[in-house]
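1. This is a predicted model, with the sequence first.
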Amino acid sequence: MLKPRARKVKILATLGPASSSPEMIRALMEAGADAFRINMSHGSQAEKAKLVEAIRSLEKTLHRPTTILFDLQGPKLRVGDFKGGSAMLETGQTFVFDLDPADGDATRAELPHPELFATLKPGDRLLIDDGKVRLTAKEVTPTRIAAEVNVGGKVSNHKGVNVPDVVVPIPALTDKDRSDLAFALEQGADYVAMSFVQRPEDVIEGRDLIGGKAALLAKIEKPQAMERLDEIIDIVDAVMVARGDLGVELPPEGVPPAQNRIVAAARQAGKPVVVATQMLESMIVSPSPTRAEVSDVANAIYEGADAVMLSAESAAGQYPIEAVAMMDKIGQSVEADPVYSKRIHFTETPAEATTADALSESAAQIVRTLSAKAMACYTSSGSTARRIARERAPVPTLVMTSSLAVARKLGLQWGVHAVHTRDVGSFEEMVGKAKRMALRHHIAKSGERMVIMAGVPFRTSGSTNVIHVVKLAGDELDSYLNDG
């Protein structure tokens, strides 16, 4: 059995060529990974099925419900082919995008996306290869875009194109995404992440296709999404600060304020927020990160992010275990900082006018007043756990549930240690189980106080209306071997 993490922020690790074996996945879990991202942009569905099988097998071995997030590729805007495979664009020249499938050269290239010709207008920017080559549209017709090259460089076959100044009128799900989404649901995905989200409407199809079988996470990677951020957060289950693509379309100095705003908005809504991309980038080839990278990860944790993510560092890097271990160390170091508690409460998360929210806020205050060492709750849907996490109490939260699916989803929730256990029939039985499980899972020790939230009548969804304070006793652990 894996012991509870000595930190509350979660680590989401991307799996790939460097981390696809059961042995490596186990090593990542033992190093600190709480959840795994499966990137559908690369590899086959058969390869992904093997990853899921390995994770679920280890989940049973290590007795730890484990979160799996399937990340859909989304639509990609790309240029066509070039004669010889590439062309060099010079700063100041005119370059033409058109719909002609003939190989391009240094003067023109195919842009096989008719919707762009109908959307772009003079003055709009076109960024190629993650912004390495930058152009501004000067003349736009239904079949031709003449653009001035502002920053020149080499452009090769099928390089990506970003258009940060317009909402691109294309669906956020491609045929490939729909196939991958159906596959993810067959594999029991806990979260499905959608790319290319620009508007609330973009996530509706995905939400409908998921049909409640998994949680939906929106990747915020387009400036247009920032303009309707609260609306998007309102209709999804979680969000990700996808800083890679967001940093292409925003100026570099615009990314930190955007990250801060996304994290704050998600926290106020009580929904998990993941900060991702280039967090420990140098560890792809180095056994240690730069000090700037460590500070970057620490800043996301100080902001109160629910999870921090590794991309190529764990998927294709030379030091995946070390990268996860470094994330773990940074998390522990930040949360041990005396000012951490004040920093994460810079973002106000006022309780909504519900009994459950009011009690969650009160329970967090009781923890501080009594110096309790843990909180606990029993949940059938995960909603009570999410409300508790929103308060960012200074102690871990033991969450018991008879639903394995719910336990798995809580792997991206700040401060939560989820336990899949048999159902209980009464409030008294739940309190007894909470005390035993807290001792068994090393959430708290004998003689320490724990604050329990519950609902009476018991097993009634949405009935959280009781705060119960208990003191743990060592002899309560004696019967845990008979408890499931």
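-> The structure has been received and is ready for your questions. Numbering: from 1, shown residues only.
2. gap between stretch 292-303 and the chain center?
-> 16 Å (Cα atoms, centre = their mean, to the nearest Å).
3. ok, and what's touching that stretch?
-> Contacts with stretch 292-303, where a contact means Cβ atoms under 8 Å, 6 or more residues apart in numbering, come from 9, 259-260, 263-264, 275, 279-283, 308, 326-327, 330-331, 333-335, 340, 343-344, 347. The way it works is simple: take the backbone N, C-alpha and C, and place the C-beta from them, glycine included.
4. Just the CA trace of that stretch, in PDB.
-> Taking Å, rounded to 0.1, in the frame of the first residue of the first chain, the C-alpha atoms of stretch 292-303 are listed here in PDB:
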ATOM      1  CA  ALA A 292      13.900  29.200 -12.700                       C
ATOM      2  CA  GLU A 293      11.900  26.100 -13.500                       C
ATOM      3  CA  VAL A 294      11.700  25.200  -9.800                       C
ATOM      4  CA  SER A 295      10.500  28.700  -9.100                       C
ATOM      5  CA  ASP A 296       7.900  28.300 -11.800                       C
ATOM      6  CA  VAL A 297       6.500  25.100 -10.400                       C
ATOM      7  CA  ALA A 298       6.600  26.600  -6.900                       C
ATOM      8  CA  ASN A 299       4.600  29.600  -8.100                       C
ATOM      9  CA  ALA A 300       1.800  27.400  -9.500                       C
ATOM     10  CA  ILE A 301       1.600  25.600  -6.100                       C
ATOM     11  CA  TYR A 302       1.600  28.900  -4.200                       C
ATOM     12  CA  GLU A 303      -1.300  30.000  -6.400                       C
END
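5. tell me which residues in that stretch are buried?
-> Burial within stretch 292-303, assessed by neighbour count using 16 or more other Cβ atoms under 10 Å, is assigned to 293-294, 296-303.
6. so of these, which ones are in strands?
-> Judged by DSSP state E, strands contain none of the buried residues of stretch 292-303.
7. how close does the most centrally placed residue in the chain get to residue 228?
-> Nearest to the geometric centre of the chain sits residue 274, at 3.6 Å (Cα atoms, centre = their mean). Separation of residue 274 from residue 228 (Cβ to Cβ, to the nearest Å) stands at 19 Å.
8. contacting residues around residue 142?
-> With contact set as Cβ under 8 Å, 6+ apart, residue 142 has these partners: 114, 117-118.
9. and which of those is nearest residue 192?
-> residue 114 (28.7 Å; Cβ to Cβ).
10. Please report how far the closest residue to the closest one other than its chain neighbours lies from residue 142.
-> In space, residue 114 comes closest to residue 99 once its chain neighbours are excluded; the distance is 6.5 Å by Cβ to Cβ, 6 or more residues apart in numbering. Between residue 99 and residue 142 the distance is 9 Å, computed by Cβ to Cβ.
11. Pull up the overlap in contacts between those two.
-> 114, 117.
12. First-to-last residue distance for stretch 71-90?
-> Its first and final residues considered, stretch 71-90 spans 36 Å by Cα to Cα, to the nearest Å.
13. Brilliant, that's me finished.
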